[in-house]
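K.L.:
structure of the sequence below:
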Amino acid sequence: MLRSAFSTFSTTVVRPTSLVFRAYATKTYYSKTHEYIQVDGDVGTVGISDFAQESVGEVVFVDVNAVGTAVNKGEPFGAIESVKAASDVYAPVSGEITNVNAVVSRRPDIINSDAEGKGWLMKVRATLSFHISGRV
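P.N.:
Below is the predicted model of the structure:
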């Protein structure tokens, strides 16, 4: 009885929701230096991983290169300062910065509360198409 009730419920509610979710899903990759990139088409959203934000502690300052700046894979594109230390942030791919998150400049603590969501740092259009497998 429960099985048939759940089956009806999942058909009408859960399945359409999961189809919508799949249509907008992105792929997320992590670098050895704990940056992530969420790939959506030819643009990647870049930030530091949740593990990295936990390691650095309370983030108090963020600096990211300007829109239009070329970045090279493995080279710094910005810096993050916390109560513990200052760290460079490295580009996981080569490309051009198309957008920076102005909110984290004003409220760097967002990185601590949502590093892989609202705490993203930049969006980059890759020089080469994304041919990423596993780690970047």
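
K.L.:
can we go C-alpha only for contacts and neighbour counts from here?
P.N.:
Fine.

K.L.:
low-scoring stretches of this structure, by residue?
P.N.:
Counting by pLDDT under 70, the chain has low-confidence residues at 1-26, 129-136.

K.L.:
would you map the strands across it?
P.N.:
27-30, 35-40, 43-48, 59-64, 70-71, 76-82, 86-90, 95-100, 122-126 (DSSP state E).

K.L.:
show me what the second one packs onto, helices and strands only.
P.N.:
Read it as strand 35-40. Contact here means 3 or more CA pairs under 8 Å, 6 or more residues apart in numbering; DSSP states H and E; on that basis strand 35-40 packs against strand 27-30, strand 43-48.

K.L.:
quick one, which of the ones you listed is packed in tightest?
P.N.:
With neighbours defined as mean count of other CA atoms under 10 Å, the helices and strands packed on strand 35-40 peak in mean count at strand 43-48, which reaches a mean of 24.

K.L.:
got the angle for that one vs strand 95-100?
P.N.:
When axes from the mean of the first three to the mean of the last three CA atoms, to 10 degrees is applied, the directions of strand 43-48 and strand 95-100 differ by 80 degrees.

K.L.:
burial measure for Asp42, as a count.
P.N.:
Using other CA atoms under 10 Å as the criterion, Asp42 is surrounded by 12 other residues.

K.L.:
wait, I meant Val100
P.N.:
The burial count assigned to Val100 is 20, neighbours taken as other CA under 10 Å.
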